[in-house]
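> My questions concern the predicted model and sequence given below.
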Amino acid sequence: MARDVKGKVVVITGAADGLGLAMTKSFLQKGAKLVISLDVNKKAGKEAEASLKSEYGDDRIVFYKCNVQTDLETIYNKIIAEYKNVDLLINNAGVLDELNIRRTIEVNTIAVMEWTVKFYEHMRIDKGGKGGTVINVSSIYGFRVLPYIPYYHASKFAVIGFSKSLGHEDNFKRSGVRVITLCPGLTYTNMANHPKIKEEDMMPQLKECLLAHDWQAPEDIGRGTVEIFEKADTATVWLVEGTRPAEKLRF
């Protein structure tokens, strides 16, 4: 499968704002044929769609309202019926909600696995597909540990293990589908700026800890995600942090 962005059909979850919107812009700038933007926030999604259509053309961006926990079958069938083939899926939708373990695991882990497998089966060359790529978004907290966000850590650690296993070279040789993990550093988004943690009295310590890290703009993640698509091998894990180029992690 060619690693050139030009002409590719890209599906991005959680794409109405933040990292997902920045990814959408970066892939459009690099020549993607179409980006299918998915998000539960219909208002923000439609506003972003209108803005992007005015900049990149009516036929290169489409938004569908989508809850990744419940809408996989409906949205998948709609995409395939309308566009036939998907070259790249980016599982970006996520939450940081230590008040709700079930929501955290269902959005950050189970939905990522379900969406990956669905599109993986569509793409795999040994079952009539054309090959493709899945990029799953974990986090720096998928391999670094703080005492404040155990549910979030668990959900993001799981994404790395799942993606490395499904993306294993032995699977890639049969399927022709790369599965890659992106670990973004701290980024100026609503989720990072307003974390929900269980022990509220520890919020000052959490904020102090976060301030000590290298932060970046969503646009840095957008750029880094394109960079990863263009050069990453399957089952690899990549860090994008502090405005620096994407870095392959060794584990």
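That came in fine, so what should we check first? Numbers count the residues shown, from 1 in each chain.

> CA atoms for contacts and neighbours, from now on please.
Will do.

> quick one, strands of the protein?
Here the chain has its strands, by DSSP state E, at 9-13, 34-39, 61-65, 88-91, 132-137, 177-184, 237-240, 247-249.

> Residue 217: neighbouring residues, count only.
Number of residues near residue 217 (other Cα atoms under 10 Å) recorded here: 18.

> Is it correct that it is in contact with residue 188?
Yes: between residue 217 and residue 188 there is a contact under Cα atoms under 8 Å: 5.6 Å.

> picking up where we left off before, could you say which of the strands of the chain is packed most deeply?
strand 177-184 (a mean of 29; mean count of other Cα atoms under 10 Å).

> Each with direction, which strands does that one pair with?
On the basis of DSSP bridges, the sheet neighbours of strand 177-184 come out as strand 132-137 (parallel), strand 237-240 (parallel).

> could you check the angle strand 9-13 makes with the longest one?
Our comparison of strand 132-137 with strand 9-13, counting by axes from the mean of the first three to the mean of the last three Cα atoms, to 10 degrees, yields an angle of 20 degrees.

> hmm, back to that, distance to residue 82 and mean pLDDT added to the strands of the chain, as CSV?
Formatted as CSV, the strands of the chain follow (distance: least, Cα to Cα, whole Å; pLDDT from 0 to 100):
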stretch, distance to residue 82, mean pLDDT
strand 9-13, 12, 99
strand 34-39, 11, 99
strand 61-65, 11, 98
strand 88-91, 16, 99
strand 132-137, 18, 98
strand 177-184, 22, 98
strand 237-240, 32, 98
strand 247-249, 35, 98
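
> can you put these in JSON lines and add distance to residue 98?
Compiled in JSON lines, those are given as follows (distance: least, Cα to Cα, whole Å):
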{"stretch": "strand 9-13", "distance to residue 98": "21"}
{"stretch": "strand 34-39", "distance to residue 98": "21"}
{"stretch": "strand 61-65", "distance to residue 98": "25"}
{"stretch": "strand 88-91", "distance to residue 98": "21"}
{"stretch": "strand 132-137", "distance to residue 98": "18"}
{"stretch": "strand 177-184", "distance to residue 98": "19"}
{"stretch": "strand 237-240", "distance to residue 98": "24"}
{"stretch": "strand 247-249", "distance to residue 98": "27"}
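
> With residue 146 as the reference, name the closest of those.
strand 177-184 (15.7 Å; Cα to Cα).

> could you dump that closest one to CSV, C-alpha only?
Extracted in CSV, the C-alpha atoms of strand 177-184 (Å, rounded to 0.1, in the frame of the first residue of the first chain):
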residue,chain,number,x,y,z
VAL,A,177,-3.0,-3.6,6.7
ARG,A,178,-0.6,-1.5,8.9
VAL,A,179,-1.8,-0.9,12.5
ILE,A,180,0.2,2.0,14.1
THR,A,181,0.0,3.7,17.4
LEU,A,182,0.2,7.5,17.9
CYS,A,183,1.0,8.8,21.4
PRO,A,184,0.4,12.5,21.5
